[in-house]
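**Student:** Sharing a model that was predicted from the sequence below.
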Amino acid sequence: MIHNDIHQALRERVLTLDGAMGTMLQKARAEAGCIDLLCLSSPDTIEDIHLQYLQAGADIITTDTFNANALSLSRYGASHLVKDICREAVAAARRAIRRSGRQAWIAGDVGPTGKSLSMTSDDTDVDFDTLRAAYLEQIDALARAGADLILLETIFDTLNAKAAISALLEVRESTGLELPLMVSATLTESGRLLSGQTLEAFIVSISHARPLSVGLNCGFGAEQAIEFLPQLQHATCAVSLHPNAGLPDAMGCYTSTPSDMTAALRRPLADGMLNIVGGCCGTTPAHIRAIAAEAAAARPRNIPNCDPAAPLRLAGLEALTVAPDRLTPVGERCNVAGSRKFLRLIKEGNLNEAIAIAAAQTDAGARIIDINMDDALLDAAREMQRFVRLASAEPDVARVPFMIDSSQWEVVESTLKLVQGKPVVNSISLKEGEEEMIRRARHISSMGAAMVVMAFDERGQADTFERKTEVCARAYRLLTDAGIAPSDIIFDPNILAVATGIEHHARYGLDFIRAARWIRQNLPGAGVSGGLSNLSFSFRGNNFVREAIHAIFLANAAGSSGMNMAIVNPSTLI
Ligand code: THG
């Protein structure tokens with residue numbers, strides 16, 4: 001079937017998404033249990049419901065596959081049926097479209113699974129790899145069955161969504177399909193995801209999927225949902241909304257009528273705040289008919305183009321914009337190699353005090369926390385896991401993005417699977433050659449992280465202005481050619497110790513400052529960072545002198561001079 005391009009359609013009009021499958025099946029008095037199984041046992045019922053929504057005016061219909069993943073189906077002893085359900089679900093949707101004579105898109109529906117990666121406390125629960133494998137099987141089956149796009153919905157934990165996105169990126173790669181992605185979160189009454197993120201932080205954390213749309217579904221009905229629409233307006237993709245038909249009453253029935261819902265949606269539609277609108281729990285073809293009529297009269301939201309000069313955005317529970325012309329301090333103290341106290345606490349297993357060090361740094365002004373567990377006597381991956389999990393549960397710390405600092409790639413890889421926000425990996429370089437750097441950079445991107453790129457190549461650490469700029473320029477070209485966003489690249493042209501007694505170390509400070517400026521002028525979009533305390537290693541023990549050196553260095557290197565991030569002890573910044 002030849003489609004209009006959905007990207008094109010979204011610029012011309014507000015598209016209508018269908019309503020709930022479950023509500024309709026309860027009406028059809030289907031037996032309680034997993035309604036996704038009806039794709040196999042009663043496909044005509046599913047096809048008929050799709051047809052009703054199409055006749056009501058739906059432009060996008062969602063497959064009956066919300067729970068069609070191995071984890072959710074295991075409750076029904078049906079884990080082996082994922083592929084069959086997905087195939088038949090898409091087929092039923094396709095038949096309904098044909099019968100309707102309308103043109104519509106099929107969204108392969110992917111629910112959150114009952115599991116949460118961010119809110120588990122023990123290791124026996126589901127892990128990232130298990131969840132990713134379940135999503136991979138489902139998304140692959142939906143794509144191969146012919147779904148036009150994937151709808152990842154009812155997201156209450158961004159780490160789950162990141163596992164799904166990682167799987168989706170693999171399916172895009174292996175099938176060669178564009179497979180557009182709609183992402184839709186569910187907020188609690190506080191306006192955050194259940195996993196604690198703000199809506200803005202959520203959008204930043206899934207941006208690497210380059211979604212077709214971001215939006216909200218389920219929740220407390222249209223009236224509450226539209227209060228959050230202003231926060232979605234900055235999105236550089238379409239905006240969707242498919243709320244519940246109000247709140248369920250004591251009998252579990254949803255109480256908003258079609259006209260209640262359209263009354264709530266009229267204003268945001270007229271104001272051009274939406275691109276896709278539909279219904280979730282409790283909605284019926286009558287609701288969708290009313291919503292489609294409203295959508296037809298509406299002005300579609302203007303979808304802003306992606307700004308190539310946009311600054312780097314990171315996220316913990318909250319979003320952080322890394323300004324290009326101001327210094328963003330990164331706290332250095334959660335580093336076993338850079339703090340005897342932190343090393344002792346980790347060795348003693350005193351996690352509470354270790355977390356208190358992180359909290360003290362955010363208090364003192366750190367906007368990102370660097371975490372490093374590289375020590376010969378520690379299992380760095382395990383210590384990272386324990387620390388990052390605990391830090392993620394401590395609101396004062398989890399608020400800010402993390403910087404995963406390790407020279408061991410395995411430690412980076414395993415830690416990325418624990419972080420729901422958009423962190424920074426510290427670091428990659430050309431040390432092991434071009435291919436390895438690109439492979440790692442692509443992996444980091446696919447896991448929704450930015451990266452520090454050290455000025456280090458096959459010949460070693462760059463220590464002069466010429467070497468620093470040459471290595472960074474080569475890395476920049478390779479990474480951007482590989483599809484890495486320039487703003488996700490943070491160069492570190494090596495702050496090396498001065499005043500060591502060795503003559504040629506005298507220029508180290510100056511060469512960093514010159515290189516930082518050169519990078520900012522010649523490698524557009526990339527940031528510059530450095531480990532400030534390295535500079536004054538020769539004055540260890542004399543903090544007064546060290547702090548003075550740091551202050552003078554920053555005055556010459558930071559902000560509009562070039563360096564916009566620095567790993568520092570925030571409590572001693574003058
Ligand atoms: N670039 C990047 N990452 C980095 C560095 C860098 N990570 C590690 C390091 N360098 C930055 N972090 C620190 C942390 C502490 C110190 C220096 C750099 C430090 N510590 C004191 C000392 O050793 O004298 C305090 C010791 C203590 O309290 O026990 O100087 O350059 N990308």
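**Tutor:** Yep, that arrived. In this text, all values refer to a predicted model and were calculated from it rather than measured experimentally.
**Student:** Give the next helix or strand downstream of the helix or strand hosting residue 166.
**Tutor:** Using DSSP states H and E, the secondary-structure element containing residue 166 is helix 158-175. Toward the C-terminal end, the helix or strand that comes next after helix 158-175 (DSSP H and E) is strand 181-185.
**Student:** Give the other helices and strands that that next one contacts.
**Tutor:** Strand 181-185 sits against strand 149-155, helix 158-175, strand 213-218, strand 238-243, with contacts defined as 3 or more CB pairs under 8 Å, 6 or more residues apart in numbering; DSSP states H and E. C-beta coordinates here come from the backbone N, C-alpha and C atoms, glycine included.
**Student:** Pull out the buried positions in that strand.
**Tutor:** Along strand 181-185, these residues count as buried under the neighbour rule (16 or more other CB atoms under 10 Å): 181, 182, 183, 184, 185.
**Student:** Just the element for residue 20, please.
**Tutor:** Assigned by DSSP H and E, residue 20 belongs to neither a helix nor a strand.
**Student:** So what's the residue count around it?
**Tutor:** Using other CB atoms under 10 Å, residue 20 has 26 neighbouring residues.
**Student:** got the contact list for it?
**Tutor:** Counting by CB atoms under 8 Å, 6 or more residues apart in numbering, residue 20 touches 279, 280, 281, 282, 283, 284.
**Student:** Drop anything exposed from these.
**Tutor:** 279, 280, 281, 282, 283, 284.
**Student:** so what's the second one scoring on pLDDT?
**Tutor:** The confidence metric pLDDT takes the value 96 at residue 280.
**Student:** can you list the weak-confidence ranges in the stretch 1-150 of the chain?
**Tutor:** Counting by pLDDT under 70, the stretch 1-150 of the chain shows low-confidence ranges at 1-3, 28-32, 121-124.
**Student:** of all of it, which residue lies closest to the ligand?
**Tutor:** Closest residue of the stretch 1-150 of the chain to the ligand, CB to the nearest ligand atom: residue 128 (25.1 Å).
**Student:** so that residue touches residue 418, yeah?
**Tutor:** Yes. With contact defined as CB atoms under 8 Å, residue 128 reaches residue 418; the gap is 7.5 Å.
**Student:** lowest-confidence helix or strand of this protein?
**Tutor:** Between all helices and strands in the chain, the lowest mean by mean pLDDT, DSSP states H and E belongs to helix 22-27, at a mean of 82.
**Student:** now residue 319, which residues is it bridged with?
**Tutor:** residue 315 (DSSP bridges).
**Student:** What residues does it make contact with?
**Tutor:** Residue 319 neighbours (CB under 8 Å, 6+ apart): 198, 200, 201, 203, 204, 313.
**Student:** Tell me which of these fall in helices.
**Tutor:** Members of the contacts of residue 319 lying in helices (criterion: DSSP state H): 200, 201, 203, 204.
**Student:** between those residues, which is nearest the ligand?
**Tutor:** The ligand lies nearest to residue 204 out of the ones in helices among the contacts of residue 319, by CB to the nearest ligand atom, at 21.6 Å.
**Student:** The closest one and residue 312 touch, don't they?
**Tutor:** No. Between residue 204 and residue 312 there is no contact under CB under 8 Å: 9.8 Å.
**Student:** count of residues packed around residue 48?
**Tutor:** Per other CB under 10 Å, the neighbour tally for residue 48 reads 16.
**Student:** I'd like the distance between it and residue 54.
**Tutor:** Distance from residue 48 to residue 54, counting by CB to CB, to the nearest Å: 11 Å.
**Student:** residues making contact with stretch 162-178?
**Tutor:** Here stretch 162-178 makes contact (CB under 8 Å, 6+ apart) with 110, 117, 128, 131-133, 135-136, 139-140, 143-144, 150, 152, 179, 181, 205-206, 208-209, 420, 446-448.
**Student:** Same check on stretch 89-102?
**Tutor:** Under the criterion CB under 8 Å, 6+ apart, residues 1, 36, 39, 43, 46-48, 50-51, 54-55, 61, 63-65, 68, 103-104, 106, 108, 142, 145-147 lie in contact with stretch 89-102.
**Student:** Produce a ChimeraX select command limited to the buried residues of these.
**Tutor:** Only the buried entries of the contacts of stretch 89-102 go into this ChimeraX selection, using 16+ other CB under 10 Å:
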select :36,39,43,46,47,48,50,51,54,55,61,63,64,65,68,104,106,108,142,145,147
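**Student:** Among the contacts of stretch 89-102, name the ones in helices.
**Tutor:** If you go by DSSP H, these have 39, 43, 46, 47, 48, 50, 51, 54, 55, 142, 145 in helices.
**Student:** between those residues, which is closest to residue 372?
**Tutor:** residue 142 (40.3 Å; CB to CB).
**Student:** Wait, that closest one touches residue 108, no?
**Tutor:** Yes. At 3.1 Å, residue 142 counts as touching residue 108 under the criterion of CB under 8 Å.
**Student:** Name the residues contacting each of the two.
**Tutor:** With CB under 8 Å, 6+ apart as the test, residue 142 and residue 108 both reach 63, 65, 86, 89, 90, 150.
**Student:** For these, give me JSON lines that also has distance to the ligand.
**Tutor:** As requested, the shared contacts of residue 142 and residue 108 are exported to JSON lines (distance: CB to the nearest ligand atom, whole Å):
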{"residue": "63", "distance to the ligand": "45"}
{"residue": "65", "distance to the ligand": "43"}
{"residue": "86", "distance to the ligand": "43"}
{"residue": "89", "distance to the ligand": "47"}
{"residue": "90", "distance to the ligand": "46"}
{"residue": "150", "distance to the ligand": "36"}
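**Student:** Identify, from the residues you listed, the entry nearest to residue 288.
**Tutor:** Using CB to CB, these come closest to residue 288 at residue 63, 16.1 Å.
**Student:** Not counting sequence-adjacent ones, nearest residue to that closest one?
**Tutor:** With sequence-adjacent residues excluded and distances taken as CB to CB, 6 or more residues apart in numbering, residue 63 is closest to residue 89, at 4.0 Å.
**Student:** and the helix or strand hosting the one you found with helix 43-56, angle?
**Tutor:** Assigned by DSSP H and E, residue 89 falls within helix 82-100. For helix 82-100 against helix 43-56, the angle by axes from the mean of the first three to the mean of the last three CA atoms, to 10 degrees is 50 degrees.
**Student:** can you pull the buried residues of helix 82-100?
**Tutor:** 82-83, 85-97, 100.
**Student:** quick check, nearest of those to residue 292?
**Tutor:** Using CB to CB, residue 100 is the member of the buried residues of helix 82-100 that lies nearest residue 292, at 13.1 Å.
**Student:** Quick one: mean pLDDT for whichever strand or helix holds residue 441?
**Tutor:** Applying DSSP H and E as the criterion places residue 441 in helix 434-446. On average, the pLDDT along helix 434-446 is 98.
**Student:** could you give the angle of it to helix 158-175?
**Tutor:** The directions of helix 434-446 and helix 158-175 differ by 130 degrees, with the same axes, to 10 degrees as the criterion.
**Student:** immediately after helix 434-446, which helix or strand?
**Tutor:** Downstream of helix 434-446, the first helix or strand assigned by DSSP H and E is strand 450-454.
**Student:** Next, count neighbours for residue 544.
**Tutor:** 8.
**Student:** How about the host helix or strand of it and the ligand, any contact?
**Tutor:** Assigned by DSSP H and E, residue 544 belongs to helix 543-557. No. Contact of helix 543-557 with the ligand (CB under 6 Å from any ligand atom) is absent, the minimum separation being 7.7 Å.
**Student:** just the strands in the stretch 301-450 of the chain please.
**Tutor:** Along the stretch 301-450 of the chain, counting by DSSP state E, counting those that start in this stretch, strands occupy 312-315, 319-322, 328-335, 368-372, 402-405, 424-428, 450-454.
**Student:** want to throw these into CSV with distance to residue 241 and mean pLDDT?
**Tutor:** Below are these laid out as CSV (distance: least, CB to CB, whole Å; pLDDT from 0 to 100):
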stretch, distance to residue 241, mean pLDDT
strand 312-315, 22, 98
strand 319-322, 21, 98
strand 328-335, 33, 98
strand 368-372, 32, 98
strand 402-405, 31, 98
strand 424-428, 32, 98
strand 450-454, 29, 99
